[in-house]
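Participant: below is the sequence, then the predicted model.
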Amino acid sequence: MVKYNRILLKLSGESLMGEQQYGIDVNRLNEYATQIKAVADMGVQISIVIGGGNIFRGLSGASEGFDRVKGDQMGMLATVINSLALSSALVAIRQKARVLTAIRMEPIGEIYSKWKAIEAMQSGEVVILSCGTGNPFFTTDTGSSLRGIEIEADAMLKGTRVDGVYTADPEKDPTATKFDSISYDEVYKRGLKVMDMTATVMCKENNLPIVVFDMDTPGNLEKLMKGEKIGTYVHA
């Protein structure tokens with residue numbers, strides 16, 4: 001028995017940097033692929049959204065003088081690079097994977113549709129959803145919320161480098177305390193940076209729970225699927 005039968009796993013692009021300052025750390029990439037395969041082997045249907053911040057972040061580019069729309073489009077392409085890298089790492093350990101894109105760009109990836117994604121997951125493939133929503137001014141957090149709702153995921157799992165949601169940034173404030181669970185409304189009232197506001201509201205309105213957990217600790221994803229209390233549960 002697994003806690004969730006179908007999940008949307010959100011990974012940040014920055015997490016793929018590992019110990020590097022830029023790009024993709026192959027060791028971190030392979031660690032993630034191993035964790036994902038272990039959960040797929042349990043029969044969990046998995047879709048994944050990866051950010052592109054390790055390569056290019058549209059909002060940062062806009063602050064440096066890039067046109068915001070073009071900057072966000074560059075960020076979308078960065079998510080495709082990360083998606084292809086993870087797909088390759090999964091296939092290398094004999095886990096079937098498929099990249100779907102929100103913007104048409106065959107043969108790099110197939111154009112996304114809900115039914116195509118669900119059919120692939122039901123056949124045992126890990127589905128990697130790239131390009132966010134395909135629109136500028138929306139983050140990959142919002143892309144994750146949208147896709148999670150569309151594919152009827154049981155939960156969105158947000159893999160980060162911290163082990164949950166805290167009262168403040170634990171890397172900056174040693175007195176910060178962790179929540180085991182917290183409501184969307186409380187996240188909003190406290191101004192906590194779980195996800196951007198659009199993504200949070202979408203999850204609340206569509207009753208999609210979020211689990212924020214430390215993906216950088218090998219085995220955590222599998223423990224979460226087995227029902228162990230890992231991370232912070234964000235709910236309506």
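Facilitator: That came through fine.

Participant: can I get the helix or strand that contains residue 48 as PDB, trimmed to CA atoms?
Facilitator: Assigned by DSSP states H and E, residue 48 belongs to strand 45-50. Provided in PDB are the C-alpha atoms of strand 45-50 (Å, rounded to 0.1, in the frame of the first residue of the first chain):
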ATOM      1  CA  GLN A  45       2.000   7.100 -11.000                       C
ATOM      2  CA  ILE A  46       4.500  10.000 -11.300                       C
ATOM      3  CA  SER A  47       4.500  13.300 -13.100                       C
ATOM      4  CA  ILE A  48       7.300  15.800 -12.600                       C
ATOM      5  CA  VAL A  49       7.700  19.500 -13.100                       C
ATOM      6  CA  ILE A  50      11.200  21.000 -12.900                       C
END
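
Participant: paired strands for it, with orientation please.
Facilitator: strand 6-11 (parallel), strand 126-130 (parallel) (DSSP bridges).

Participant: outside of whatever helix or strand comes next after the first one, which residues touch it?
Facilitator: The reference is to strand 6-11. Using DSSP H and E, the helix or strand that follows strand 6-11 in sequence is helix 26-40. With C-beta atoms under 8 Å, 6 or more residues apart in numbering as the test, helix 26-40 has contacts from 7, 9, 11, 15-18, 46, 48, 85-86, 89-90, 92-95, 124, 126, 215-216, 218-222, 225. The way it works is simple: take the backbone N, C-alpha and C, and place the C-beta from them, glycine included.

Participant: one more: stretch 217-227?
Facilitator: Stretch 217-227 has contacts (C-beta under 8 Å, 6+ apart) with 1-4, 9, 31, 34-36, 38-39, 42, 44, 157, 159, 163, 211, 213-215, 230-231.
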